[in-house]
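based on what follows, work out the 3D shape:
(chains A, B, C, D and E, ligands or ions: 4)
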Amino acid sequence: MNKGNSMKNAAIGILYLLPAMVILGVFQIYPIIKVFLMSFYTQYNYFQHIVFEYGVGNYIQLATDPKFILALKNTSIFVFGVVPTSMILALFFAALLNSKVRLKKFFRNIYFLPFVTSTVAISMVWRWIFHSKHGILNYGLGFLGIDLIPWLIDPDWSMVSLIILSVWKTLGYNILILLTGLQNIDEQYYMASKIDGANSWKRFTRVTIPLLSPTLFFVSITSLIGSFKVFSEVYALFEKRPGPLNSALTMVYYIYDKMTNQFSYGVAAAASVVLFIIILTITMIQFLIGKRFVHYK
Amino acid sequence: NNDTNEVASGGNQDENGEEIQEVVELEFWHALSDENGDVLQNLIDQFNNENEFIHVNAYFQGHYRDLFEKLNGAAQANTLPTITMIYNNRLTAYVMNDFAEDLGPYIYDSEKGMDSAVWEDIPLGLRNDGMWDGKHYSLPFNKGSYLMFYNVDALEAEGLKVPTTWDQLENAARVLSKDGKTGLVLNQSAGIDFSFWVEQAGGHIYDEELEVPSIDSEGVKVAYEFITGMVEEGIAQLAGEDNYITGPMSRGESFIGFASSSNLPRMEEASRETGVNWAVAELPSGKREAALFSGTDITMFNTSTQEQKDAAWEFIKFWYQTDITTKWGMESGYIPLTYAGAEHPEFKSYLEKDPSKIPAIGQLSAAYQDPNGLNGYAIHSNMQTALEEILAGVKTIDEALETAQENATREMEEAKRNFAQ
Amino acid sequence: MQIKIRSLAKKFKDVVAVDNLNIDIEDGELVTFLGPSGCGKSTTLFMIAGLINQDEGSIFFENQRIDNLKTEDRNIGMVFQNYALYPHLTVLKNILFPLEMMKINKKEALKRAEEVLELLQIQELGKRKPSQLSGGQQQRVAIARALVKKPKVLLMDEPLSNLDAKLRIETREEIRKLQQHLSITTIFVTHDQDEAASISDRILVLDNGKLQQYGNPREIYEEPSNLFTAKFMGSTPINIFDGTYTNDGILLKDNKIVSYGEKFSDLEINKVTLGVRPENLIVCKKEESSISAKVKHVDMIGKDNLVVFYIGEEKYRFFASPSDDIKSGDTIFLKFDKEKIMLFHPNTYESMSRCCI
Amino acid sequence: MQIKIRSLAKKFKDVVAVDNLNIDIEDGELVTFLGPSGCGKSTTLFMIAGLINQDEGSIFFENQRIDNLKTEDRNIGMVFQNYALYPHLTVLKNILFPLEMMKINKKEALKRAEEVLELLQIQELGKRKPSQLSGGQQQRVAIARALVKKPKVLLMDEPLSNLDAKLRIETREEIRKLQQHLSITTIFVTHDQDEAASISDRILVLDNGKLQQYGNPREIYEEPSNLFTAKFMGSTPINIFDGTYTNDGILLKDNKIVSYGEKFSDLEINKVTLGVRPENLIVCKKEESSISAKVKHVDMIGKDNLVVFYIGEEKYRFFASPSDDIKSGDTIFLKFDKEKIMLFHPNTYESMSRCCI
Amino acid sequence: MKNKVLRIIKYLILVIGALVTLIPFFWMLSTSFKTLGEVYQMPPGLLPNNFNFDNYRVVIEKTPMSTYLFNSVLVTTIVTVGTLVTSILAAFAFSRVKFKGRDIIFTILLSTMMVPSELLITPNFVILSKLNLINTLTALYLPWISSMFAIFLLRQYFLGIPEELYYAAKVDGCSDFKYLIKVMVPLTKPALITIALLKIVYSWNEFLWPMIMVSTPDKRTLPVGLAYFMTEAGPNYHLLLAYASIIIVPVIFIYLLLQKYIIQGITRSGIKG
Ligand SMILES: Nc1ncnc2c1ncn2[C@@H]1O[C@H](COP(=O)(O)OP(=O)(O)OP(=O)(O)O)[C@@H](O)[C@H]1O
Ligand SMILES: Nc1ncnc2c1ncn2[C@@H]1O[C@H](COP(=O)(O)OP(=O)(O)OP(=O)(O)O)[C@@H](O)[C@H]1O
Ligand SMILES: [Mg+2]
Ligand SMILES: [Mg+2]
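Ligands and ions are numbered 1, 2, ... in the order given. From the prediction side, this is the model:
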């Protein structure tokens, strides 16, 4: 632990990291580097691994591709629809479940269910639920006097549907993580704040939230990253198409489409790099904000 | 590791100097599940039984997209199977990159080639579709066609004949549309398979000479006007959340629908419950007759050993044997691939019991298939977008088609550029 | 605020933490809960605060039953045994927290916080987080937080245990002053009898969740109602002898006689347990002595020397002035201060004194 | 194990926690670190344990420099100020943990664990988790865990602060016995001078990270090397007077004279700070007195009465025997025990005594 | 009174939430008992006309269920255990071993979370083929036995363990590694089980990866079976959902088994302050 030991510490650290680093290095980092390089192959026969031309052409192409711009826009709408909704709902339910509630376990288990199902199968079910004429959702809304909503066929609603599905799918997981975080808050702080005259709302905002902040931070980062990468939900909900009028064309869908249908690995790679940079930037901003608001012990 | 792919074989001399043959193993990747998959497996078993020294291992690789994605990876990793099912517009990439085996030398080989009678007997529209630069790289494997589904009772009630022309179709749709019901229904993704309307209107979606899309051509416009006109008038609709016509048709919400023959089993099961009395007919003709045949071809990759390729060829030949293709036509959801099969007495009597394949056979003379330009999917997907745009009123037909043409051209160019030398 | 506790009881699974407790605390009084570790002091305090629900019994503030009131509505201040400072807030913010909850305006709140920071000599710590404080510093912040809201009832769970002696005395004096000045009814948990004695109006001695004695410090020190209290009070353990009661005095094992005061005369008892505090064993000449023994060792405790000797297995202690110059190995002679000896029933260990019980 | 510390220093950002510390501890000695809260006791201990890296200086065990040794290889036992029990393990398992690390066989380990459980009177807690213990119980478990491995060096950070007085005395006597028996070199952090005095071979007084005095308890109590130590030692604060040094004695503000002992004769100084412990102010007749004052209040501390009076703003204290019967409001006369008074330099506050420094 | 109303509202919200969560499952289950014809009926019946177990029979016969199950269990187990082991070690390094470059490595590894996995399929396919692992079970688990997500989550929990315990353990003669195993791991059991559960769920439901890496049925996993029930004319809903209902059962079972450990939380007392 002393000056002379810093080399030894590094060696020890690396040793602990080794298994993870080997796997992540080979199957994540190396491919990512390849992807990064590939984004500069403006003409690339990936079947035979021949690069005819290098350059930044792929990026220029992206900048001028209205589809890509649309994908960017759609993805942003999706992310900023899903993440806050899911976080707030999850926090709300986690707090409810952390309070004195009978059948706590029962509810918790139910809420987690969506997470354990495969997206493919459950998305099909959601197609029924969203059915404009016969779906249970519109049926329910009908009771509230709301007109039939063309969830999946109207481009204005399709993103909403996608967001609903994703929130539904991720809610249980977020609840679970937040609940674990809540359980880790020492009872003594609640006691102290009760003594200090804080009512339950104040306790929630002034004690729970700050002490939960590392967990909230974690959930926000991972769900943000996850949402930026949304794909299989689109694929399954809209029958392998990007929604009516490309209204659910997301970044990853775009990348996937470029790669598998158009053999444009270079463009797909460039789009991935752009996506990567966007996520990275936002995550860094989150980390910066986190530094100020997240309290670690 | 992939041993089945590697087991090479051929003439080995044993100590007595006698030639002993080892079994040639080869892989065949397909995308057929369900009954179709079972029939395929049965036929392959039959082939394997008949050929002592060949063993075809047929592996289901998921649905078309999964299969194609997999082939993509396999091409890069050099783990392609010997034979596979494939769409022609997908095969183009493999042809351009010299992964596909030219079948010509096999077909015309004096010894092991295909019997010319059989060869000629394959309907031309199907047979010649797998050609690039005058060479055959693939042959039809499982084929169905687009059909017109109609509600027999509803047509009868209105005293309508089964439409055989666009005019009659439009008229029937109009007559049938009432009480909140819509006469005509198309799959939600009708734009993807829109080409048969275009062909019927006398146009093409792809210019084979120039190797560019021709979405903004006159024929395409006419076809779009026809269909979107009906939708806007309220006498036709897309299937919406149901995606396929099966839902609206089987529920009696629409009375005439267009879909490929792969929908047949669906329709049958769905209407068993609802009691809708339906039938299928040939596609009505516009300016001319044209029937889109769908399904995949079979192709061979040159990455296998010669023994495997030879063995694979034996299997391909086997596929066109009259008894085999007849069986295929009767038991699967697809049609026989030779006229001999289609006219086989057994098949004829089968048609009497199940007339649903009659229109497909009848349309064989008007058969065509979608273009196989590299990234041909771009044409279809952009046409779908165009259809959506027009119906949503975002764009006029001209604007939509122009955009689609531009995008499709660019996307196809882009793909081509990557394979340029 | 007057506090009344009736038949209070609490069990944790198989552990009876508090057992049928009845206490009355007058308005403005400072009462100390004193007792060995695990005797239920914290638990009782928590029930008064409403942080733990009692199993049985009731609690009254000013004759108002408050069991059903939420903690945050009881207007109490509390110092926790383990501080319970908010780890995410600075010291200053920790202290401002209760004021903020009371919706006191910022300026006033800051003024009050600074006052209390000064009182506890932690002005310079305002900007630190709890994790950057030493144990004692944390404890002072906790005290500050409890005091700042000037509560009607103040509960303190061993609030001084981590302070150094000097600061402890200063702080306890300050607490006492403040408490008297504001006349906050205060319950103070400690295991330090000196502390208890010097700060309290009354001391409540607890053992095993049961009340042992409740009275003012001197009473409890000099007239313990049972052997437990006698043993527990006094920072230096009391000396215990077994004896036989006679009219002339207590006959110890070795036939020495110890005379007793008025209050023990005419007891109807034979065997008796005799207790005497170390300071009431007095060095004397051999002739006067009831005990003679060899000194085991001598500890220096503050200004006095604590002399330890054994009789058999039993350990005994007394205070000698340094001027007596007793060294380990010396033989010493001791007599009992007859007015100060205590007699207990040999079975129930209750005090036999006439004046009490 | 002999311990030698040289020029040890540690800074936390802007706080100097430990400042150029030099200590020698003999094999088998028990040394107490004594000092106000935040003076760097824990930090020093942590550096000895290797849990914090020093910024400067070196530490030797038996003349072997051990700074580079990992904590786990130093073979020390430690009791933490905040216990640091493993929350997931039962009490018994907590205690077995270090033995397990030493690969001691199960049976032997169990035996040792039971011994130490018994020593600390917590046999019945073996199966509980730390969260189910009271504060004092947790502390005892922590002590048990440190003792069970019979380490070569034992470090204890305020190990007794949460125990009740009786148990505290018992435990410290047991620790002392054990420590002497096993002759474990022990460092004991406390802020309780009584504790320090009664248990230590030597006491090290720290303030602000700096060594103030290092010597045996009586030395430190009676011959403090500076005013800080004088003030800090003694559970009751020392009384401080400003005076003028003359050959006849110290002239106090009100012109009363206080005579001094030999060791202060012939000082070359004018102004002087005089300190006297409460027990060295003696009630006397008016004629003999150097001080007369009105009693502010009387506290009972153990067997004595602590009498408080003021001269100006300044607070003063002395001990009176209950038989003196002093009540608040009385006027009292006091004289100084001339052998016991202390004189300090008015600026440096260093002791002026000849015998020391 | 106010309390009572609040409590009723609380339960009401919980029940509504539960209903919204359950409806799709109810639908899935109900559909899995319907005939295809019923599936197309509109408005759809809430319950099947008669419970048609035939779908389940068909589904089980159509797919080599036992082989798939075996492979799924094997792959999921290895992935889960592997992830736990690698992440425990890595998270420890990231939270307790201080060395130069640690934060850089962490950031780099963290950035891997930001790349869509769809993108990595093809490069990984090539890598695995170079390792001669295509069409092996190894290909199904090897790339997934480490997860930055898990490392990140676990590190978060490790950071929450008070430093004092580390000190105590060191004094008790515990090496870093032993401390990790004996103190940190048991203390973060809930987090570890959460990770395990997440991994099990992901791995169990992974569809695309095994679909692409493996081409013969003997090495496939359960979700691949879903593909059997999709056709050109859309999915065979009744069969597909019957199949989905079957394969979800083990995960739910495991979840129910593990959930009680997750919510236990980390017991913190024993640390003062
Ligand atoms: N959560 C709990 N579960 C089980 N037993 C408990 C719990 N909390 C306290 N106890 C037990 O109840 C008894 C009283 O505990 P309490 O904390 O009131 O003691 P205390 O008098 O405050 O002791 P200390 O002076 O050591 O803090 C003890 O025996 C303790 O072990
Ligand atoms: N991590 C830290 N960051 C900043 N300052 C610290 C930190 N740890 C300790 N200090 C400061 O260092 C000084 C010495 O702290 P230390 O814990 O050694 O005090 P101590 O003598 O043990 O006090 P106590 O008796 O209150 O436990 C204090 O002023 C404390 O606030
Ligand atoms: Mg307590
Ligand atoms: Mg300390």
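
what does the residue lying closest to C:Lys294 once chain neighbours are set aside show for phi and psi?
On the basis of C-beta to C-beta, 6 or more residues apart in numbering or on different chains, the spatially nearest residue to C:Lys294 that is not a chain neighbour turns out to be C:Thr331, at 5.4 Å. All C-beta atoms are positioned from the backbone trio N, CA, C, and that covers glycine. Here is the backbone geometry of C:Thr331 (degrees, to the nearest 10): phi -100, psi 130.

mind listing what C:Thr331 touches?
Contact partners of C:Thr331, counting by C-beta atoms under 8 Å, 6 or more residues apart in numbering or on different chains, are C:292-295.

and which of these is nearest E:Lys199?
C:Val295 (70.6 Å; C-beta to C-beta).

helices or strands next to whichever helix or strand the closest one is part of in the packing?
Using DSSP states H and E, the secondary-structure element containing C:Val295 is strand C:291-301. Other helices and strands packing on strand C:291-301, by 3 or more C-beta pairs under 8 Å, 6 or more residues apart in numbering or on different chains; DSSP states H and E, are strand C:304-311, strand C:314-320, strand C:331-336, helix D:193-199, helix D:217-222.

most packed of these?
Compared across the helices and strands packed on strand C:291-301, helix D:193-199 shows the largest average neighbour count, a mean of 24 (mean count of other C-beta atoms under 10 Å in any protein chain shown).

what is the helix or strand just after it packed up against?
On the C-terminal side of helix D:193-199, the closest following helix or strand by DSSP H and E is strand D:202-207. Judged by 3+ C-beta pairs under 8 Å, 6+ apart, the packing partners of strand D:202-207 are strand D:30-34, strand D:210-215, helix D:217-222, helix D:227-232.

do strand D:202-207 and ligand 2 come into contact?
No. Strand D:202-207 lies out of reach of ligand 2 by C-beta under 6 Å from any ligand atom, never closer than 7.0 Å.

mean confidence score for that strand?
The average pLDDT for strand D:202-207 rounds to 92.

okay, now the sheet partners of it, with direction.
For strand D:202-207, sheet partners with direction are given as strand D:30-34 (parallel), strand D:210-215 (antiparallel), following DSSP bridges.

before we move on, the earlier item: any quick PyMOL command for the buried ones out of the contacts of C:Thr331?
Only the buried entries of those go into this PyMOL selection, using 16 or more other C-beta atoms under 10 Å in any protein chain shown:
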select buried, chain C and resi 293+295
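
in the stretch 1-150 of chain E, where is pLDDT below threshold?
Applying pLDDT under 70 to the predicted model, the residue ranges of the stretch 1-150 of chain E that meet it are E:1-2, E:42.

pull the longest helix from chain C.
Among the elements of chain C assigned as helix by DSSP state H, the one spanning the most residues is helix C:165-182.

anything in that helix near chain D?
Yes. Shown here: helix C:165-182 in contact with chain D (C-beta under 8 Å from any C-beta of the partner chain) through C:165-170.

I'd guessed A:Tyr173 sits against E:Leu198; true?
Yes. Proximity of A:Tyr173 to E:Leu198 meets the contact threshold set by C-beta atoms under 8 Å, at 7.4 Å.

give the buried residues for the worst-scoring helix or strand of chain C on mean pLDDT.
Comparing every helix and strand of chain C by mean pLDDT, DSSP states H and E singles out helix C:165-182 as the least confident one, with a mean of 79. Buried positions in helix C:165-182, judged by neighbour count with 16+ other C-beta under 10 Å: C:165-176, C:178-179.
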